[in-house]
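Participant: coords please:
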Amino acid sequence: MQSGGARTRSFRCSSPTRSARRFAVSLRPADSAKGGRSAVTCLNLVEGEWRRTAELVARPSLADRRVTLLELARSRESDCTFAVDRAHAFWSSLEWASEGLAYRKHVLKNVSRLLQYFYEECLDELRQQTPKTRLEADKDFWEAKRAVDHLEGNAEKAMMARSSRR
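Facilitator: Below is the predicted model:
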């Protein structure tokens, strides 16, 4: 059966209620030259620019190996070093980067937000890694969240004490 240049096969369903229904399965890969979807290219983002590496690796679909889903940048040591150096240079340019306590407070606030956002996932992980009931996992989660919030508050108190000494 030919349709629009693509090879297709027709299959009849063996079920008696659906025996009249035909299914067409395309044998052409999705990244065809004629208007089909091409593979997504995933590059490295460094300093706000998408940078191509020396090598791109094609990642096929797990369902159909003939279809390439994406081309992934294979970063070498030089690519990683460049990205880390650029990130460090950007970080060093920020005014509060030299203040360790301000950075600690910022990181802990974000950890607290992430814990809150991924509450259910954290509970699932706690229950998978340790044999606990949901109530026990919930108690452990909130204990960890309180500890993070406490450390964040201690950073703020330490900053206030340091500024009051000046």
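Participant: center of the protein, which residue is that?
Facilitator: For the chain, the residue whose C-alpha lies nearest the mean C-alpha position (C-alpha atoms, centre = their mean) is C42; its distance is 12.7 Å.
Participant: I'd say it and L69 touch.
Facilitator: No. Counting by C-beta atoms under 8 Å, L69 is not a contact partner of C42; they are 10.1 Å apart. Bear in mind the C-beta positions are built from the backbone N, C-alpha and C, glycine included.
Participant: R59 versus the nearest residue to R52 once chain neighbours are set aside, what's the distance?
Facilitator: Taking C-beta to C-beta, 6 or more residues apart in numbering as the measure, R52 lies nearest to L43, with 5.5 Å between them; neighbours along the chain are not counted. Using C-beta to C-beta, to the nearest Å, we find L43 at a distance of 14 Å from R59.
Participant: show me where pLDDT drops low in this protein?
Facilitator: Regions of the chain meeting the criterion pLDDT under 70 cover residues 1-37, 96-98, 159, 161-166.
Participant: run the last query once more with 50
Facilitator: In the prediction, the chain carries residues with pLDDT under 50 at positions 1-3, 8, 10-13, 16-35.
Participant: domains of the chain?
Facilitator: With domains defined by automatic domain parsing, the chain comprises 1-37, 39-93, 96-165.
Participant: and the top helix by length along the chain, which residues are buried?
Facilitator: In the chain, assigned by DSSP state H, the helix with the most residues is helix 134-165. When burial is assessed from 16 or more other C-beta atoms under 10 Å, helix 134-165 yields the following buried residues: 137-138, 140-141, 145, 148, 152, 155.
Participant: could those residues go into JSON lines alongside distance to S112?
Facilitator: Output for the buried residues of helix 134-165, formatted as JSON lines (distance: C-beta to C-beta, whole Å):
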{"residue": "A137", "distance to S112": "18"}
{"residue": "D138", "distance to S112": "17"}
{"residue": "D140", "distance to S112": "16"}
{"residue": "F141", "distance to S112": "12"}
{"residue": "K145", "distance to S112": "6"}
{"residue": "V148", "distance to S112": "5"}
{"residue": "E152", "distance to S112": "6"}
{"residue": "A155", "distance to S112": "12"}
